[in-house]
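Asks: Quick one, structure for this:
(2 chains)
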Amino acid sequence: MKQQTATFRFALPSPPHWAVRLDVAQPPRAGQYVLAECGGPLREALFPADVDADGFTALTPRGHPITRLLPGASVDLLGPLGNGFRLDRVQRLLLIAEADKLSVLRPLLNAAPAVTLVVEGPTRARMPAPDSLPPAVELLLVTLDGSVGYLGPLESQEPAPAGQERIGPLLAELIAWTEWLCLACRRERYPALAGLVRQARLQPTAHFAQALVHTEMPCGVGACDVCRIPTRHGEKHVCTDGPVFDLLEIGNE
Amino acid sequence: MIELAPTHKYGLSLPTPVMPAAGVFGYGDVYRDLLEEGVLGALVTNPISLRPRNVAQGQRILTRGEQVLLHTGLPNAGAKAILRQYGKYWERSPVPVIPHLVATTPAETSKAAVLLSAARGVGGIELGLAENVSEDKAVELLHAAQDSGLPLIVQVPFSRVDALAPRLVEAGADALTLTAPPRAVLPLPDAPEDKAESGTRLMRGRLYGPAVFPLLLNVLARFAAPGANQLHVPIIACGGVASPADALTCISLGAAAVQVDVLVWRTPGVLREIAAAFKAL
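Replies: Okay, the predicted model is just below:
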């Protein structure tokens, strides 16, 4: 584990988040995180939404303690920590996210020549602005109220009401099409989403579907046991064994 | 050198009187990149039980101001599996390893204590008691843990110091950790007021943070301070210690050593700072 000092550059509104820029020698990769000392009783986990050689940008909720820093302030970081997304010479990439968790998949939007992004949210207003995404990304929207795009939830097998459409059949095609699948959803949804993968691909390779697990990670080193989750191979620490897991490993609870 | 078990045949000598509290430092190797070997006086492990325990369901951590409420259910892989995984590391440890043993039944406690004592590098056992344990049961568990043959430290529940501490010393505890974190309750953040009042949306757990430190000093003043020490065994202070000054205050109130709890997660280097302050004395 590494301890390093970052320089806080800015925090700008990026509705519904705030974009926070930190310059640091060793930034986290997509799906990895750092634990930042922000003055509270525990460190704050920051996931990169955009990474370059000089640092990274994280999207934080409004009022996050790091947004109160002054430009140029030093920030003590532990990390990069954890296992991020692992993609190998990818040509076709499918990303699936709940709207409020999309930020952790943003570094992957340029990771392949063909990227399809499926975003599910409660309603149209919570969807990402299309101009915030690279133009080459194919964006598919799923809303729980049907206000735009397909009618959610993603994994629903029920017939859609007249005039609306479920994404299920298309999703099965996309899962069959893609080389890698990366997900950022609530953990309790992963078993159902793992079921969709098993239906669409008879024998997916290990790590074909990689799912990021969101949970509190106070220590980042596997010491506190707060982030333990059940997996097919017993309980594991999200902070050190994840936060990115093979979907089929955590989708079998 | 600090002696934590002066009357025990093996003794438990520490190079410096600072160590992590149970539950904050894993089983020894997780902070090896940040803290050089030998900074600590001893390595107190995460809780260990004879059988594996799963993690608690539901909310496990909550903060309010500077305070942290924690409820993990003391998950661990069980004594045998932990020994398999960390036994070699403990063997090489430059400081004594003190496994924190979760007291369950006397039979299980005895078995686990004997298993753990067989590992080289283990210098003593810290026994963790449940908050609601009866005095007789506590003594029974202590005797079971003594089957290890190693020096025995008992971590006394915060609300039970008056009742348990004298009994445990009388029964043969070599040292006491005062105290285990107090039990506390907080409303869950999204709980509507009416539900919080009815108790259906509350989180119960152990309380950590600076608010615990004055409570610790009160306990030390009553049980450990020079002239007031009714216990006549070394006392390890535990609860909200956040700086070298805090640690020195505990020592001035009669503590023989200090444990640092969840602050280690935010500032692992605080252990080094406290050890340096002791060295400078």
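Asks: Could you look up the SS state of A:Glu249?
Replies: helix (DSSP: H, G, I helix; E, B strand; the rest coil).
Asks: whoops, I mixed them up, B:Ala5
Replies: coil.
Asks: Report the contact partners of it.
Replies: By C-beta atoms under 8 Å, 6 or more residues apart in numbering or on different chains, B:Ala5 lies in contact with B:11-12, B:124, B:151-152, B:174-175, B:234. From N, CA and C alone the C-beta is placed, and that goes for glycine too.
Asks: want to throw those residues into TSV with pLDDT?
Replies: Shown next, in TSV, are these (pLDDT from 0 to 100):
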residue	pLDDT
B:Gly11	94
B:Leu12	94
B:Gly124	97
B:Pro151	97
B:Leu152	97
B:Asp174	97
B:Ala175	96
B:Pro234	95
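Asks: Show the buried residues in these.
Replies: Burial by neighbour count, 16 or more other C-beta atoms under 10 Å in any protein chain shown: within those this picks out B:12, B:124, B:151-152, B:174-175, B:234.
Asks: Nearest to chain A among the residues you listed?
Replies: Using C-beta to the nearest C-beta, B:Gly124 is the member of these that sits closest to chain A, with 20.6 Å.
Asks: OK, contacts around that closest one?
Replies: Per C-beta under 8 Å, 6+ apart, neighbours of B:Gly124: B:4-5, B:12, B:42, B:96, B:98, B:150-153, B:174.
Asks: How about it: what's its closest non-neighbour residue?
Replies: Spatial nearest neighbour of B:Gly124, chain neighbours left out: B:Pro151 (3.9 Å); criterion: C-beta to C-beta, 6 or more residues apart in numbering or on different chains.
Asks: pretty sure that neighbour is touching B:Glu126, no?
Replies: No - the pair B:Pro151 / B:Glu126 is not scored as a contact, 9.7 Å apart, by C-beta atoms under 8 Å.
Asks: Give the full set of residues in contact with residue 249.
Replies: I'll assume chain A. Residues in contact with A:Glu249 (C-beta under 8 Å, 6+ apart) are A:231-233.
Asks: Let me rephrase: I mean chain B.
Replies: Contacts for B:Thr249 (C-beta under 8 Å, 6+ apart) come out as B:Leu217.
Asks: Any figure for the gap between it and B:Leu115?
Replies: Between B:Thr249 and B:Leu115 the distance is 37 Å, computed by C-beta to C-beta, to the nearest Å.
Asks: what do you get for A:Ser14?
Replies: With C-beta to C-beta as the criterion, A:Ser14 and B:Leu115 are 54 Å apart.
Asks: distance of B:Gly121 from B:Ala42?
Replies: Taking C-beta to C-beta, one finds B:Gly121 at 11 Å from B:Ala42.
Asks: Give me the phi and psi for B:Ala163.
Replies: phi -80, psi -40 (degrees, to the nearest 10).
Asks: Any residues of the stretch 1-150 of chain B in contact with chain A? List them.
Replies: Proximity of the stretch 1-150 of chain B to chain A (C-beta under 8 Å from any C-beta of the partner chain) is limited to residues B:23-26, B:30-31, B:33-34, B:46, B:54-55, B:60-61, B:63, B:65-68, B:70, B:72, B:75-76.
Asks: change it to 6 Å
Replies: By C-beta under 6 Å from any C-beta of the partner chain, the residues of the stretch 1-150 of chain B that approach chain A are B:25-26, B:30, B:33-34, B:55, B:60-61, B:63, B:66, B:68, B:72, B:75.
Asks: and those as JSON lines, adding pLDDT?
Replies: Output for the residues of the stretch 1-150 of chain B next to chain A, formatted as JSON lines (pLDDT from 0 to 100):
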{"residue": "B:Phe25", "pLDDT": "94"}
{"residue": "B:Gly26", "pLDDT": "94"}
{"residue": "B:Val30", "pLDDT": "89"}
{"residue": "B:Asp33", "pLDDT": "86"}
{"residue": "B:Leu34", "pLDDT": "88"}
{"residue": "B:Val55", "pLDDT": "93"}
{"residue": "B:Arg60", "pLDDT": "94"}
{"residue": "B:Ile61", "pLDDT": "95"}
{"residue": "B:Thr63", "pLDDT": "94"}
{"residue": "B:Glu66", "pLDDT": "93"}
{"residue": "B:Val68", "pLDDT": "96"}
{"residue": "B:Thr72", "pLDDT": "94"}
{"residue": "B:Pro75", "pLDDT": "94"}
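Asks: Out of those, grab the one that's most surrounded.
Replies: Counting neighbours by other C-beta atoms under 10 Å in any protein chain shown, the top entry in the residues of the stretch 1-150 of chain B next to chain A is B:Phe25, with 30 neighbours.
Asks: Report the contact partners of the nearest residue to that one once chain neighbours are set aside.
Replies: In space, and not counting its chain neighbours, B:Phe25 is closest to A:Ala223: 5.6 Å by C-beta to C-beta, 6+ apart. Neighbour list for A:Ala223: B:25-26, B:30 [criterion: C-beta atoms under 6 Å, 6 or more residues apart in numbering or on different chains].
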